[in-house]
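[1] Could you look at this predicted model? Sequence included:
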Amino acid sequence: MRSFGDREVFAVRRAARDLLPDVDLEGELKAALERLTGADPETIDPALRPAAGRRLEDLVVLDLETTGFWGCPIFLVGMLLEEEGELVTLQLLARDYPEEAAMLTATSAVLENRELLVTFNGKSYDVPCLRERAVVHRAPTAPDRLEHVDVLHPARRRWGATLPDCRLQTLERLVAGIHRTGDVPSAEIPAVYHGFTVTGDPSRLFPVLHHSRVDVVTTARVFAALADSLAE
């Protein structure tokens with residue numbers, strides 16, 4: 001459990017380097033932000049311009065997992081960010097459906113200390129979903145304050161003509177160089193979570209937590225690769 005103000009939420013915090021021990025992801029992100037900051041704005045894809053002038057400690061990469069029910073209930077918020085000088089993945093989990101409200105409040109508490117949000121398709125999905133659930137629970141909506149880079153559309157403009165498609169899984173293999181194992185397909189995640197709420201068996205969620213963690217790391221590497229492509 002981890003305290004966020006007066007709320008306690010189940011949280012999983014792990015060093016990002018544990019997932020990709022041979023990759024300096026922190027260095028890649030710092031270099032990407034420096035490149036975007038130093039570049040002529042006219043040479044930067046408009047979708048990436050909000051990252052110019054930002055530092056690593058300003059950034060949070062975010063990805064949601066939802067229950068599949070109408071109204072987009074969220075049960076897991078995955079984030080990649082720097083904490084206490086270390087790049088980490090932070091996952092906030094609602095262990096049952098009523099815990100969503102506390103989880104959303106905790107998410108807002110994390111985001112309010114950041115300046116830049118990075119997502120994959122977040123402008124169409126993650127941020128509207130967070131906003132909708134915040135209204136339902138009368139919780140804070142910090143994402144509306146942050147600058148936002150959604151890497152999906154610049155990725156399509158950059159690699160759409162050369163890759164089979166620009167789904168996250170495709171970019172993961174062919175751009176980020178990540179080949180995931182021990183995972184669960186996205187379409188099966190809601191059923192896995194519902195099974196967990198019935199049985200209380202935490203081992204059911206291990207593949208889901210891994211899936212979420214790989215998603216935010218992949219999004220971060222795609223963002224870095226887009227910034228690196230300015231030199232080409």
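    Yep, it's here.

[2] Show me where this structure has its strands.
    Using DSSP state E, the strands of the chain run over residues 2-4, 7-15, 59-66, 74-83, 86-93, 116-119, 147-150.

[3] Quick one: distance of the third one to the chain centre.
    For strand 59-66, the separation from the chain centroid amounts to 3 Å (computed by Cα atoms, centre = their mean, to the nearest Å).

[4] For it, the averaged confidence score.
    Averaging pLDDT along strand 59-66 gives 97.

[5] and that strand, what does it pack onto?
    Packing partners of strand 59-66 (3 or more Cβ pairs under 8 Å, 6 or more residues apart in numbering; DSSP states H and E): strand 74-83, helix 100-111, strand 116-119, helix 126-137, helix 189-199, helix 206-228. (Glycine included, C-beta is placed from N, CA and C.)

[6] Direction included, what does it pair against?
    The pairing partners recorded for strand 59-66 under DSSP bridges are strand 74-83 (antiparallel), strand 116-119 (parallel).

[7] between the first one and helix 100-111, how many degrees?
    Counting by axes from the mean of the first three to the mean of the last three Cα atoms, to 10 degrees, strand 74-83 points 20 degrees away from the direction of helix 100-111.

[8] buried stuff in strand 74-83?
    By 16 or more other Cβ atoms under 10 Å, the buried positions in strand 74-83 come out as 74-82.

[9] first vs last residue of stretch 77-93, how far apart are they?
    7 Å (Cα to Cα, to the nearest Å).

[10] May I see the strands of the chain arranged in JSON lines, with distance to residue 180 as well?
    Converted to JSON lines, the strands of the chain look like this (distance: least, Cβ to Cβ, whole Å):
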{"stretch": "strand 2-4", "distance to residue 180": "26"}
{"stretch": "strand 7-15", "distance to residue 180": "16"}
{"stretch": "strand 59-66", "distance to residue 180": "14"}
{"stretch": "strand 74-83", "distance to residue 180": "14"}
{"stretch": "strand 86-93", "distance to residue 180": "14"}
{"stretch": "strand 116-119", "distance to residue 180": "19"}
{"stretch": "strand 147-150", "distance to residue 180": "22"}
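
[11] To residue 33, which of those lies closest?
    strand 59-66 (7.3 Å; Cβ to Cβ).
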